[in-house]
Structures are given as structure tokens and as C-alpha cells.
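In: Everything below, folded, please.
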Amino acid sequence: MSAGSHAVATPTIEELDAEVERWVRPGQGWRLFLRRFLGNPALITGVGVLGAYVAIAIAAVVYYGPTLTTPPFRVDWAETIPPPGPSWAHPFGIMSGIGVDGFGEVARAFPIDLGLVFLALGSAGSVGVLLGAYAAVRGGAADFWVSFAADVEAGMPPFFFVIVLYLGLELTIPPAWRLYAFPLLFGAVLWPYYARPVRAVAKQVVTEPYVESARAAGATRAHVLFRHVLPNALYPALAQVPVDVYSIFFVFTIFPFLNCSSGGLYNLITPFPNLFFPEWGSLLAQGTCYGFSIFAPPGYWWMYFFPAAAIIGLGFGLTFTCDGIDRWLSTRRRA
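Out: Just a heads-up that it's a prediction; the model follows:
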């Protein structure tokens with residue numbers, strides 16, 4: 001180095017990111033975001049379906065108010081066999097055995113089921129994704145213990161494990177909290193199914209040249225984790241979400257179905273506050289129990305068709321949303 005010259009400090013990765021942000025023209029980021037969103041039909045479809053579900057849930061909360069979770073009122077109808085099917089007065093028909101308007105019960109379940117599903121998947125997904133990515137970035141003892149715990153727990157049948165855990169803890173949980181504890185148990189059981197595939201992909205991502213360059217530029221472990229590893233290792237978790245949605249409703253259906261098919265013998269092990277709680281899994285079980293007939297298939301189809309359609313629609317929306325997010329992130333990975 002010649003006399004009089006001085007060394008220039010190498011900028012950190014955070015300073016380089018801030019410099020790039022200063023060069024972006026105001027409003028350009030929103031235009032790029034809108035262009036990428038409109039070019040992603042899967043994401044548009046999924047967000048549209050989920051937006052419709054949220055809108056119906058808000059309308060149900062506003063319309064039903066304090067009676068949202070109370071036992072339903074029996075409608076005035078002559079208890080004939082078969083019960084009345086869909087009509088202008090009752091678009092989803094009458095649910096025999098319960099004797100209530102099917103449309104009202106399915107509508108009341110929208111906010112309840114959205115809360116339960118997103119609480120279960122949110123807890124399982126967030127814990128699993130963060131632990132899996134952190135184990136890959138940190139390595140060493142953290143990687144060993146996270147992998148060990150995930151492998152041990154994943155070796156158990158998950159949804160039977162949820163039921164066993166709930167039965168073991170039911171008497172220790174206040175009745176008012178049992179409905180909220182149930183999806184949290186899902187999170188405690190399902191997190192390995194997000195952590196293991198995310199960790200496997202993240203182990204490959206941390207060896208990529210751009211991650212090594214970020215580390216050489218002085219990026220912190222948190223910066224590497226959230227800026228580089230998580231966006232590029234998230235897609236296996238997105239593929240797991242639609243599978244777990246239907247599995248959650250499968251477990252929600254078990255208790256009411258056992259109850260209605262056994263004449264109330266299983267009332268003590270249900271997580272729902274009352275027998276006719278407005279929840280799609282419960283309505284599906286009740287409709288299947290009272291509406292299905294082996295002598296005249298498909299029986300009284302409306303009793304189980306509309307709760308099942310609501311469940312399938314939610315799974316449809318989440319599937320397209322997750323696929324759209326994966327396409328969005330794949331564009332970033334290619335860049």
C-alpha cells in the first residue's frame with residue numbers, strides 16, 4: 001500500500017441491504033409486489049377462498065353475537081321420516097336427531113373452526129419450522145437434540161397420540177379451556193412433521209455460496225436464518241399444511257360420532273362444551289350418524305354433505321394458498 005493511502009472498511013451485509021433499499025424508487029416495491037401477485041393464479045385463488053371464509057366468519061360473529069357457541073334452538077318442524085331436505089326456508093335442510101337448521105349451524109361454525117384450525121396449524125408450523133431451520137443453522141448439540149426429539153415423537157401415530165394425550169390431561173384442564181387446549185395439543189404433536197423436512201432442506205441451503213458469502217460479510221446467525229435459510233427451506237412445510245387440515249377435522253369428528261353412535265356413553269371425553277356444539281367436525285359426525293342409511297344410500301345426504309363441503313372448501317383454499325406462496329418463494333429462489 002502506497003504512502004498516504006488508507007484502508008477502506010468493508011461494509012456489513014446489513015449496511016449493503018440498507019444501501020439497496022435507498023436506491024429503490026418510492027412505490028416501486030408495491031408495483032413489483034402487485035405484478036408478482038397478479039401473475040400467481042394459485043395465490044389469488046387461495047387468498048380469495050380464505051378471504052370469503054373470513055368474511056363469512058365475521059358476519060356470523062356479528063349476526064349471532066352471544067349465541068354463537070350456545071346450544072342451538074330446535075326449529076319448528078314435524079318430526080317426520082325422512083326429515084325435510086333443502087328448501088327456501090332451510091337451504092341446508094333439517095338435521096334429524098338434532099332438529100336444527102343446517103344452514104345456521106354450518107354458518108355459526110365458521111369463526112370457531114377457523115380459529116381452531118389456525119391455532120393448531122399456527123402452533124405446529126411456527127414451532128416446527130423455526131426449530132428445524134435453527135437446528136440446521138446452529139448445528140452441534142442443538143441440531144442433535146432437535147433431531148432426536150423430532151424423530152422420537154414422529155415415530156408415534158400422531159392423531160391417536162393427540163387423543164391419548166387429551167384423555168390423559170382432560171381432568172386437569174378446566175372445562176372452559178378444553179376446546180382451546182385441544183388444538184394446542186395438535187401443535188405439540190405435529191411440530192416434528194414440519195421440523196424434520198425443513199431441517200433437511202435447510203442443511204442444504206446453509207452450504208450454498210450466497211449463505212457463505214453472507215457469513216463472510218459479517219451477517220449474524222439470525223440474519224442468515226431469517227433472510228436466507230427460512231425463505232428457501234419453507235416449501236416442505238407448505239406441502240404439509242393441507243394434509244394436516246383434513247386430519248384435524250378427522251379427530252374432531254371422532255368424539256361426536258362415538259357419542260351419537262353409543263347413545264351418549266362418550267359424553268365425558270368430548271372436548272366440545274356441549275353435545276351440539278357448532279363445529280364442522282361435530283356436525284359431520286352428527287349428520288353421518290343420523291343421516292346415513294345403508295338401506296337407502298346416500299340416505300339423508302344434506303345432513304353430512306354441507307359440513308363436509310365446508311371442510312373441503314377450507315382445505316381447498318389452504319392448498320392453493322400454500323401452493324401460491326411456494327411459487328412466490330421459488331421466484332425468489334431463482335433470483
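
In: When you work out contacts or count neighbours from here on, use the C-alpha atoms and nothing else.
Out: Will do.

In: so what pLDDT did Gly299 get?
Out: In this model, Gly299 is scored at 70, pLDDT.

In: again, but for Phe144
Out: Phe144 is given a pLDDT of 90.

In: which residues in the stretch 1-150 of the chain form strands?
Out: For the stretch 1-150 of the chain, applying DSSP state E, counting those that start in this stretch gives strands covering 94-95, 100-101.

In: so how far is the last one off the chain centroid?
Out: Looking back up the chat, that one is strand 100-101. 28 Å (Cα atoms, centre = their mean, to the nearest Å).

In: Over to the first one?
Out: Using Cα atoms, centre = their mean, we find the averaged C-alpha position of strand 94-95 to lie 29 Å away from the chain's own average C-alpha position.

In: quick one, longest helix in the chain?
Out: helix 102-138 (DSSP state H).

In: Determine the set of other helices and strands touching that one.
Out: On a contact count with 3 or more Cα pairs under 8 Å, 6 or more residues apart in numbering; DSSP states H and E, helix 102-138 meets helix 41-64, helix 140-154, helix 178-190, helix 192-205, helix 235-261, helix 280-291, helix 302-334.

In: The fourth one vs helix 235-261, what angle?
Out: Between helix 192-205 and helix 235-261, the angle formed by their directions is 170 degrees, by axes from the mean of the first three to the mean of the last three Cα atoms, to 10 degrees.

In: Not counting its own residues, what contacts helix 192-205?
Out: Residues from elsewhere that reach helix 192-205 (Cα atoms under 8 Å, 6 or more residues apart in numbering): 124-125, 127-137, 147, 150-151, 153-154, 211, 229-230, 232-237, 240.

In: Write the PyMOL selection for whichever of the residues you listed are buried.
Out: To isolate the buried members of these in PyMOL, using 16 or more other Cα atoms under 10 Å:
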select buried, resi 124+125+127+128+129+130+131+132+133+134+135+136+137+147+150+153+154+211+229+230+232+233+234+235+236+237+240
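
In: ok, back up a step: quick one: the strands of the stretch 1-150 of the chain as JSON lines, columns for mean pLDDT and distance to Leu275 too.
Out: Shown next, in JSON lines, are these (pLDDT from 0 to 100; distance: least, Cα to Cα, whole Å):
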{"stretch": "strand 94-95", "mean pLDDT": "83", "distance to Leu275": "14"}
{"stretch": "strand 100-101", "mean pLDDT": "86", "distance to Leu275": "13"}
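
In: Now the residue most central in space within the chain. Nearest residue, chain neighbours left out?
Out: Taking Cα atoms, centre = their mean, the centroid of the chain lies closest to Leu121, which sits 3.6 Å from it. Spatial nearest neighbour of Leu121, chain neighbours left out: Gly187 (6.6 Å); criterion: Cα to Cα, 6 or more residues apart in numbering.

In: That neighbour and Phe118 touch, don't they?
Out: No - contact criterion Cα atoms under 8 Å: Gly187 and Phe118 do not qualify, at 10.3 Å.

In: So for those two, which residue has more residues nearby?
Out: Using other Cα atoms under 10 Å as the criterion, Gly187 and Phe118 rank with Gly187 on top: 22 against 14.

In: where does Gly93 fall, phi/psi-wise?
Out: The phi and psi values for Gly93, taken as degrees, to the nearest 10, are phi 80, psi -180.

In: cool, and the one 3 residues further on?
Out: The main-chain torsion angles of Ser96 are listed as degrees, to the nearest 10 and equal phi -70, psi 150.

In: count of residues packed around Tyr290?
Out: 20.

In: Was I right to think it contacts Pro83?
Out: No - contact criterion Cα under 8 Å: Tyr290 and Pro83 do not qualify, at 10.4 Å.

In: Single out the most deeply packed of the helices and strands packed on helix 102-138.
Out: Mean neighbours per residue, mean count of other Cα atoms under 10 Å, is largest over the helices and strands packed on helix 102-138 for helix 280-291, with a mean of 25.

In: Taking helix 302-334 as reference, get the angle to it.
Out: Using the same axes, to 10 degrees: helix 280-291 against helix 302-334 is 150 degrees.

In: quick one: helix 280-291 to helix 102-138, angle?
Out: 140 degrees.

In: Thank you, goodbye.
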